[in-house]
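> Need coordinates for the below:
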Amino acid sequence: MTELFQALSTNDFETAFELLERTLQITREPQQRAQVALELAGVYALFGAGGLDGLQHSLEQAILAVPEVQLEPRYLALQANVLMFILEEILEPNDPQRAQVVAMADKASLGDAITRFYAASALVGSGESERGLLLLEQIRFADLPVYLQWRAWSWRAGAFEELGRLRDASLAYHHAANGATGSDRAALLQDKAAMLLDLEEPHEALIALEQSLAAVFGIEHPSDAAARLQLEARAHLMLENPHLAREHAEQAMRIETSSGEHSFPTALVLAQTLAALEVWQEAIPTFQRAVQLAQAGDKGFALHELGLAQLDADQPDDARNSLKLALLESVYPHKAEIRADLAELEYRLGNFEIAEKEARTALEMGATVPASLMLANVAYEYYRLDEALEHYRRALEHSSEGNRDWVIAHQMTADTLVQLGWRNPEQILHHASLALPHLEPADEWAITLESYIERARQLIVPSSHSRTLN
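Numbering: from 1, shown residues only. The predicted model follows:
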């Protein structure tokens, strides 16, 4: 067993399979033979869906040796993995086999640490992340062999990611990468980088990606290189380096094309980069390609991004169509934001009544900031200035300091107060002063706000010619 664990700890699966297959051939005692077959099944389970045939065959060998083995926790945990791999192909969230995975894993949780590892991996892989995470947290990692310790961290990371706990996922991927080597370590560091990007930490993501490349022994596999490059493109796009982002994205695209692969993430980030550079004649076809490549869970987002690009490219009819198609995607969670974007589209076309209706729907659905800004803009157009002020203030209350919506809300609050007759110069000075540092000096709004600030100060500070009477 020591020789087996040493082989697996260095990812020498060829030696591990050779040891177990040879042992299975020479073992005649039924109980021992069943246990060797279960060990062999466990190694196949580490291969993921690619090891399914070997996993099933090994479990059959265990049953042939000792039929009662089907009641043992280790067998149940591994059989739960068989169902997990089958469910990965079905992609049906309500498949009754999911309940079987849970039932088997619950019984297997009475086994040793290795058995519970396999049970937890089956749960997480089947979408039962909370149950799987709970079981993983009950395992003392010191009770696991080294080759399973980092994999346990990886499953924890996957569970955290599925549950939206991105910071915990990033840390778990970090721990997993520390225990892994070679391509496994490189892949886990890429996963960590992806979490950091979702947390809007591009600098830290780039560090993880540098470490990922350094972990590779020899030549980086093309699919791994493409994945790393598209993540680097995302990071540089966040850092407002669109030209560098484009270089990385296009390099990733070339690698995928040369190997006959085409991925949604690479097409998407290239499209986003081209949109940032306002190269619309290339960006829009690339977004359309991303829509074609998107799986069910990503299609709504891809259509939403396409619609926004078409809107910015002055293609309102196409934009409306793409945004309405995104609304039809049942699993897309940002439908309130789509309604707000449709409101902006109609506002740009001068269809203020339709824009107001869409914006009110968006507000009711929870897109508070963009909906409030659009309602304010419509009210401003109709010179309902007190109402506009109310909407702008709501947008300010719910927006994050320094972001684009926050800046717009401050500058428009200042402007609306000016239109109301300078009756509150202190507030005009406050809002204009907060917005101004976030604008380029040549921006028309920057020039306008400077004039507001100067006038507000004149109204607030008494003239030098005034006298105080005692």
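> quick one: low-confidence ranges for the stretch 1-150 of the chain?
1, 90-95 (pLDDT under 70).
> Can you list the helices and strands that the helix or strand residue 409 falls within packs against?
Assigned by DSSP states H and E, residue 409 belongs to helix 404-419. On a contact count with 3 or more C-beta pairs under 8 Å, 6 or more residues apart in numbering; DSSP states H and E, helix 404-419 meets helix 368-381, helix 385-398, helix 425-435, helix 444-460. C-beta coordinates here come from the backbone N, C-alpha and C atoms, glycine included.
> Next, the angle helix 444-460 makes with that helix.
Angle, helix 404-419 to helix 444-460, by axes from the mean of the first three to the mean of the last three C-alpha atoms, to 10 degrees: 50 degrees.
> Mind listing what's buried along helix 404-419?
Buried residues in helix 404-419, counted by 16 or more other C-beta atoms under 10 Å: 405-418.
> same check, this time on stretch 173-182
Buried-residue list, stretch 173-182, by 16+ other C-beta under 10 Å: 173-177, 179-180.
> on that earlier part again, comparing the helices and strands packed on helix 404-419, which comes out most buried?
Comparing the helices and strands packed on helix 404-419 by mean neighbour count (mean count of other C-beta atoms under 10 Å), helix 368-381 ranks first with a mean of 23.
> who touches that one?
Residues outside helix 368-381 that contact it (C-beta atoms under 8 Å, 6 or more residues apart in numbering) are 336-337, 339-341, 343-344, 347, 352, 355-356, 358-360, 362-363, 385, 387-392, 394-395, 398-399, 405, 408-409, 412, 416.
> follow-up on the earlier one: quick check, nearest of the buried residues of stretch 173-182 to residue 195?
Using C-beta to C-beta, residue 173 is the member of the buried residues of stretch 173-182 that lies nearest residue 195, at 6.3 Å.
> Name the helix or strand for the closest one, please.
Here residue 173 is assigned to helix 166-179, by DSSP H and E.
> Figure out how far that helix is from the centre of its chain.
How far helix 166-179 lies from its chain's middle: 15 Å, per C-alpha atoms, centre = their mean, to the nearest Å.
> Just after it, pick out the following helix or strand.
Assigned by DSSP H and E, the successor of helix 166-179 is helix 182-198.
> Show me what that following helix packs onto, helices and strands only.
helix 146-162, helix 166-179, helix 202-214, helix 222-238.
> With distance to residue 324 added, can I get those helices in CSV?
Shown next, in CSV, are these (distance: least, C-beta to C-beta, whole Å):
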stretch, distance to residue 324
helix 146-162, 30
helix 166-179, 30
helix 202-214, 33
helix 222-238, 27
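> With residue 299 as the reference, name the closest of the ones you listed.
Using C-beta to C-beta, these put helix 222-238 closest to residue 299, at 18.4 Å.
> CA atoms only for the helix holding residue 409 - export them in CSV, please.
Provided in CSV are the C-alpha atoms of helix 404-419 (Å, rounded to 0.1, in the frame of the first residue of the first chain):
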residue,chain,number,x,y,z
ARG,A,404,-19.7,55.3,-13.2
ASP,A,405,-23.3,55.4,-12.0
TRP,A,406,-22.2,57.2,-8.8
VAL,A,407,-20.4,59.9,-10.8
ILE,A,408,-23.4,60.4,-13.1
ALA,A,409,-25.8,60.6,-10.2
HIS,A,410,-23.6,63.3,-8.5
GLN,A,411,-23.2,65.4,-11.6
MET,A,412,-26.9,65.2,-12.5
THR,A,413,-27.9,66.0,-8.9
ALA,A,414,-25.8,69.1,-9.1
ASP,A,415,-27.2,70.0,-12.5
THR,A,416,-30.8,69.5,-11.4
LEU,A,417,-30.3,71.7,-8.3
VAL,A,418,-28.9,74.4,-10.6
GLN,A,419,-32.0,74.1,-12.9
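> Give me the distance from that helix to the chain's centre.
Distance, centroid of helix 404-419 to centroid of chain: 32 Å (C-alpha atoms, centre = their mean).
> between it and helix 425-435, how big is the angle?
Using the same axes, to 10 degrees: helix 404-419 against helix 425-435 is 150 degrees.
> separation between residue 103 and residue 60?
Noted for residue 103: a distance of 21 Å to residue 60, by C-beta to C-beta, to the nearest Å.
> actually residue 374, not the one I wrote
Applying C-beta to C-beta, the value for residue 374 to residue 60 is 62 Å.
> Residue 438 too?
Applying C-beta to C-beta to residue 438 and residue 60 gives a distance of 66 Å.
> Mind checking which of these two has more residues around it?
Using other C-beta atoms under 10 Å, the more surrounded residue of residue 438 and residue 60 is residue 438, with 17 against 12.
> wait, what's in contact with the residue nearest the centre of the chain?
With distances taken as C-alpha atoms, centre = their mean, residue 198 lies nearest the centre of the chain, 5.3 Å away. Counting by C-beta under 8 Å, 6+ apart, residue 198 touches residue 166.
> Apply 10 Å and report the result again.
With contact taken as C-beta atoms under 10 Å, 6 or more residues apart in numbering, residue 198 is in contact with 161, 164, 166-167, 169-170, 205, 234.
> Give me the distance between it and residue 360.
31 Å.
> Redo the buried residues of stretch 173-182 as CSV? Include pLDDT and distance to residue 194.
Formatted as CSV, these follow (pLDDT from 0 to 100; distance: C-beta to C-beta, whole Å):
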residue, pLDDT, distance to residue 194
173, 98, 9
174, 98, 13
175, 97, 16
176, 97, 13
177, 97, 13
179, 94, 19
180, 94, 16
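> Just put the residues you listed in TSV and tack on distance to residue 225.
What follows is these, written out as TSV (distance: C-beta to C-beta, whole Å):
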residue	distance to residue 225
173	19
174	22
175	25
176	21
177	18
179	23
180	18
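> Residue 281 against residue 287, yeah?
No. Judged on C-beta atoms under 10 Å, residue 281 makes no contact with residue 287 at a distance of 11.9 Å.
> Give me the more crowded residue out of these two.
The neighbour count for residue 281 versus residue 287, taken as other C-beta under 10 Å, is higher for residue 287 (28 against 8).
> hang on, isn't the more buried one packed against residue 322?
Yes. When contacts are counted by C-beta under 10 Å, residue 287 is listed as touching residue 322 (8.6 Å).
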